[in-house]
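Visitor: The following block contains a protein sequence and its predicted model.
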Amino acid sequence: MKNNIPQYIVEKIAELSLVKNQYAAFDLDNTLLIGDIGEAVFAQLVKKNIVLNFGWNDYIKLIKSDREKAYFKVVEVMNNIELKVVENITREIIQTNDIEIELEGYKIPIPKPNIIMQSIVTLLNASGIAVNVVTASNRVSAEIICLQYFGIPASNVFGARVDINDNNRIKTKFNEIPYGKEKVNVLKREFKDKPVFTAGDATWDRFLLSYTTENGIRLWTGEKSEYKKLKEEYYKNLEFYQLLSE
């Protein structure tokens, strides 16, 4: 298990594990996963004509102008869809041998686990450091894929909040999308202390990374150019490392 984890991370986890009741908080899409489960599920809902009033092109246009609004929208369009439909589509995506979803001239990647991150999660659990996930993807799909690929229980997964009505349909009268600063707000609500290990892939994950304990680990799975910029501007004298995707 440890063979594919950088040695400095193995050693640091060993140091962190000496103190009890510590936890890690990871982004999901393009961090634990290579790809985005929220986008993949939305794409399949559109492709199967379950979502009719908002397509992939609409999403791309919106995300270019207002990323947070786009994340809200792809959850909002799930309103009144049967819970089992979203669950089944999520499982279909996990189980398929396809590598992408073709839709409206685009090819949306099927998310797969980052093998090194799988090993890190396993090592953290074995070291007594609980792993939590904060993601802007809908919590239904996030819970399923986190358990399937990483053994992370639903209680440790904080995704876009949706409710289920008495007819087992999704209600999207939500007020929380864990994106940007909201990831930190979720952690402040759920835990009394800061995480000792965080990981993210995009500049808006800076808020999560900056919330790490001073002597903790900040892990970057995104672009090398962005890593260098963040390292110079925010984490020059802190433990901030880049992990290249498999």
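Guide: In hand now; what should we look at? Numbers count the residues shown, from 1 in each chain.

Visitor: List the contacts of C146.
Guide: Applying C-beta atoms under 8 Å, 6 or more residues apart in numbering to C146 gives the contacts L28, L32, V133, I152, A154, N156, V157. C-beta: built from backbone N, CA, C; applies to glycine.

Visitor: what does the model give the residue most central in space within the chain for pLDDT?
Guide: Closest to where the C-alpha atoms of the chain average out (C-alpha atoms, centre = their mean) is L28, at 1.6 Å. Reading off the confidence values, L28 has pLDDT 98.

Visitor: What distance do you get for it to L62?
Guide: Using C-beta to C-beta, to the nearest Å, L28 is found at 21 Å from L62.

Visitor: In PDB, could you pull the C-alpha coordinates for stretch 129-149?
Guide: Extracted C-alpha coordinates of stretch 129-149, given in PDB (Å, rounded to 0.1, in the frame of the first residue of the first chain):
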ATOM      1  CA  ILE A 129      -7.000   9.700  11.100                       C
ATOM      2  CA  ALA A 130     -10.600   9.800   9.800                       C
ATOM      3  CA  VAL A 131     -11.100  10.800   6.200                       C
ATOM      4  CA  ASN A 132     -13.900  13.200   5.300                       C
ATOM      5  CA  VAL A 133     -15.000  14.600   1.900                       C
ATOM      6  CA  VAL A 134     -16.400  18.000   1.100                       C
ATOM      7  CA  THR A 135     -17.700  18.400  -2.400                       C
ATOM      8  CA  ALA A 136     -19.900  20.500  -4.500                       C
ATOM      9  CA  SER A 137     -21.300  17.400  -6.200                       C
ATOM     10  CA  ASN A 138     -24.700  16.100  -5.100                       C
ATOM     11  CA  ARG A 139     -24.400  14.200  -1.900                       C
ATOM     12  CA  VAL A 140     -26.300  11.200  -3.200                       C
ATOM     13  CA  SER A 141     -23.800  10.400  -5.900                       C
ATOM     14  CA  ALA A 142     -20.900  11.500  -3.700                       C
ATOM     15  CA  GLU A 143     -21.800   9.100  -0.900                       C
ATOM     16  CA  ILE A 144     -22.100   6.200  -3.400                       C
ATOM     17  CA  ILE A 145     -18.800   6.700  -5.100                       C
ATOM     18  CA  CYS A 146     -16.900   7.500  -1.900                       C
ATOM     19  CA  LEU A 147     -18.000   4.200  -0.300                       C
ATOM     20  CA  GLN A 148     -17.400   2.200  -3.500                       C
ATOM     21  CA  TYR A 149     -13.900   3.500  -4.300                       C
END
